[in-house]
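**Q** quick one: sequence plus predicted model below, questions after.
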Number of protein chains: 4
Amino acid sequence: MAENESLTADYIAKTVAETMYRKDTAAQHLGIALKEIGPGRAVMTMRVADFMLNGHHICHGGYVFTLADTAFAYACNAYNQNTVAQGAQISFLKAVAPNSLLTATAIEKARTGRTGLYDITVQDEKGQTVALFRGNSHTIKGQMIPGLNEKEEK
Amino acid sequence: MAENESLTADYIAKTVAETMYRKDTAAQHLGIALKEIGPGRAVMTMRVADFMLNGHHICHGGYVFTLADTAFAYACNAYNQNTVAQGAQISFLKAVAPNSLLTATAIEKARTGRTGLYDITVQDEKGQTVALFRGNSHTIKGQMIPGLNEKEEK
Amino acid sequence: MAENESLTADYIAKTVAETMYRKDTAAQHLGIALKEIGPGRAVMTMRVADFMLNGHHICHGGYVFTLADTAFAYACNAYNQNTVAQGAQISFLKAVAPNSLLTATAIEKARTGRTGLYDITVQDEKGQTVALFRGNSHTIKGQMIPGLNEKEEK
Amino acid sequence: MAENESLTADYIAKTVAETMYRKDTAAQHLGIALKEIGPGRAVMTMRVADFMLNGHHICHGGYVFTLADTAFAYACNAYNQNTVAQGAQISFLKAVAPNSLLTATAIEKARTGRTGLYDITVQDEKGQTVALFRGNSHTIKGQMIPGLNEKEEK
């Protein structure tokens, strides 16, 4: 049934994300928090810390990218099939002030065979879009939680 | 004279980079070191620290991007005209192991009017390319060191 | 008044597009048709002709790009401020069969100062997405129809 | 022996390209000519025809992309393993005047497993770079000339 399928897919996504996060030193170190997760989608937040500021006293673009890339990773790994980023494109639309709270929302635009395409929008607390990120994923061998999907499919 | 012009351009690039680096909390925090600098080019290194590892125990792509983006920033700001990243595209070619020493080499491919295009190659200590980054820059108002270019032109 | 403003913006967009299309040999030659136009948005169609087929007997990616790029151009020029493509990224999701009728839908994601970002989706007649295109625009001097906006603003 | 290997690889590349070109209606229709071919590299030219001009009376960016994409296709198919474009990014650096003779030079930057990355430079007859294109390829099943590589390896 469609509803059960969806519940199951949501359950898998949540379980994978929790396991992945526990091992994810990088996300923890940056204070990135997982707010929502589902098959092919994720919402994550990050507070801009002082150590993230560059020579213009704004948030280094690398950290904006890192937040978007993290949301991308959780969204495309949510099926419990190990998936890596093949590449990504980011457009910086607005300078990010110190101490901003950023939210990255990842949605899946396409998934065919082993490749996927995800759009990530990064907004500040005023709801202004500061960056748009498009990521290409590639599924590789292995599962974050071996056997989870089969168990669920019973 | 061409030689003097070049010496001057190199001097401006070096002076701007040093000033920029002193204010660049993000680069300092990550242990990013400036190895070479010139007009439109920069070489920077970063050692992959444990806090940069993601849930697959490899370097988070965000940090590879951050190193490349930093080399890009120093290369495109080397003319002492404030310049920001408008966008960038990165291709991840190889997983980066813990403790790797990465080198990002930025070169200018084009600069017309206020926009520029830079290619950054990121390699590990074995000389293997782990990522290719292409950045689009946009010159804005202001100078890192007001008056430096005029002084040099005398 | 907001309603009048919108009517006016739609009128400007339509007028610019018609003028632009009359001069647009490339679009005419490919049988690209303008279906919808508004400020920052455009819908255009193209039938895949035999001369567009490549060595694999599918539509050459260059023509899929050209359709998307055309919709992008009409969307970003719809304000009657001459605007050019600075760059674009395209992801090919599905091979396009001979004789397919393709529809490109361009929407504006951001416009700040002189730069804009547009997302273009290309679908076949079954509604399947065959390509996703993201374009960066740059406004330059000049208007397609000098004085049109001022006249409307009276 | 390395020299023989290289001769063989060049022979395969040339043979595949000739076969591919004979079927390539799109390239023929645009007058695209193959000037050089080798494993992972290709040089192709195109004269800007009147039907390629857009509403600004310059070459439509779609045709510049198409030339670059064609050189990309020949370069990445030169190993006689069917390979398709997964995506591409293009930066337009200079408007292209009517009747220009464009040259696209494709080189391979990386090839690991089934994915590859190629850089294509498009220049006019004055040697000025008008566009930079970066393409991601993906190898699929099949060969342009079944058995060619095995025969050569004897």
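**A** Now that the structure is in, tell me what you want to look at. What you are looking at is a predicted structure, and each value in this text was computed from that prediction instead of being measured. Numbering: from 1, shown residues only, chains lettered A, B, ... in the order given.

**Q** what residues does chain A put near chain B?
**A** Applying C-beta under 8 Å from any C-beta of the partner chain, one finds that chain A approaches chain B through A:19-21, A:23-27, A:29, A:50-57, A:60-63, A:65-67, A:69-70, A:73, A:82, A:84-92, A:95, A:144. (Each C-beta comes from the backbone N, C-alpha and C, glycine too.)

**Q** of the residues you listed, which belong to strands?
**A** Residues of those located in strands (DSSP state E): A:84, A:85, A:86, A:87, A:88, A:89, A:90, A:91, A:92.

**Q** kindly reformat these as TSV containing pLDDT and distance to residue D:127.
**A** Formatted as TSV, these follow (pLDDT from 0 to 100; distance: C-beta to C-beta, whole Å):
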residue	pLDDT	distance to residue D:127
A:84	92	39
A:85	94	36
A:86	94	33
A:87	96	30
A:88	97	33
A:89	97	29
A:90	98	32
A:91	97	31
A:92	96	32
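
**Q** secondary structure element holding residue A:99?
**A** Assessed by DSSP states H and E, residue A:99 sits outside every helix and strand.

**Q** and the nearest residue to residue A:66 once chain neighbours are set aside, what's its pLDDT?
**A** Leaving aside its chain neighbours, residue A:66 sits nearest to residue B:62 (2.7 Å; criterion: C-beta to C-beta, 6 or more residues apart in numbering or on different chains). Residue B:62 carries a pLDDT value of 98.

**Q** then residue A:6?
**A** 72.

**Q** Three-state assignment for it, please.
**A** helix (DSSP: H, G, I helix; E, B strand; the rest coil).

**Q** can you check residue A:136 too?
**A** Per three-state DSSP, the local secondary structure of residue A:136 is strand.

**Q** now for it, how many residues are close by?
**A** By other C-beta atoms under 10 Å in any protein chain shown, 23 other residues sit near residue A:136.

**Q** and the gap between the closest residue to it other than its chain neighbours and residue B:10?
**A** Among residues not flanking residue A:136 along the chain, residue A:86 sits closest, at 4.6 Å (C-beta to C-beta, 6+ apart). According to C-beta to C-beta, to the nearest Å, residue A:86 and residue B:10 sit 37 Å apart.

**Q** list the contacts for residue A:90?
**A** Residue A:90 sits next to A:61, A:64, A:65, A:68, A:131, A:132, A:133, A:134, B:87, B:88, B:89 when contact means C-beta atoms under 8 Å, 6 or more residues apart in numbering or on different chains.

**Q** got a winner among these for most neighbours?
**A** residue A:68 (31 neighbours).

**Q** now it: how far from chain C?
**A** Going from residue A:68 to chain C by C-beta to the nearest C-beta, to the nearest Å gives 14 Å.

**Q** okay but that residue is in contact with residue A:119, surely?
**A** No: in terms of C-beta atoms under 8 Å, residue A:68 does not count as a neighbour of residue A:119; the distance is 9.8 Å.

**Q** so what's in contact with those two at the same time?
**A** A:106, A:133.

**Q** I'd like the next helix or strand past the helix or strand hosting residue A:106.
**A** In this assignment (DSSP H and E), residue A:106 forms part of strand A:101-112. Later in the chain than strand A:101-112, the nearest helix or strand by DSSP H and E is strand A:115-123.

**Q** what is that next one packed up against?
**A** Strand A:115-123 sits against helix A:61-76, strand A:101-112, strand A:129-139, with contacts defined as 3 or more C-beta pairs under 8 Å, 6 or more residues apart in numbering or on different chains; DSSP states H and E.

**Q** tell me the residues of chain A that contact chain C?
**A** Contacts of chain A with chain C, taken as C-beta under 8 Å from any C-beta, map to A:89, A:91, A:93, A:94, A:109, A:110, A:112, A:117, A:129, A:132, A:134, A:136.

**Q** and which of those residues is nearest to residue A:100?
**A** Set against residue A:100, the nearest of the residues of chain A next to chain C by C-beta to C-beta is residue A:94 (10.0 Å).

**Q** number of residues surrounding the nearest residue to the closest one once chain neighbours are set aside?
**A** Nearest residue to residue A:94 in three dimensions, chain neighbours excluded: residue A:130, at 4.4 Å (C-beta to C-beta, 6+ apart). Applying other C-beta under 10 Å, we find 24 residues neighbouring residue A:130.

**Q** residue A:130 touches residue A:104, doesn't it?
**A** No: between residue A:130 and residue A:104 there is no contact under C-beta under 8 Å: 9.9 Å.

**Q** in chain A, where is pLDDT below threshold?
**A** A:1-3, A:5, A:151-154 (pLDDT under 70).

**Q** residue nearest the centroid of it?
**A** residue A:71 (1.1 Å; C-alpha atoms, centre = their mean).

**Q** distance check, that one against residue C:52.
**A** Residue A:71 sits 37 Å away from residue C:52, going by C-beta to C-beta.

**Q** can you say which of the helices and strands packed on strand A:115-123 is packed in most?
**A** helix A:61-76 (a mean of 29; mean count of other C-beta atoms under 10 Å in any protein chain shown).

**Q** report the angle between that one and strand A:101-112.
**A** 50 degrees (axes from the mean of the first three to the mean of the last three C-alpha atoms, to 10 degrees).
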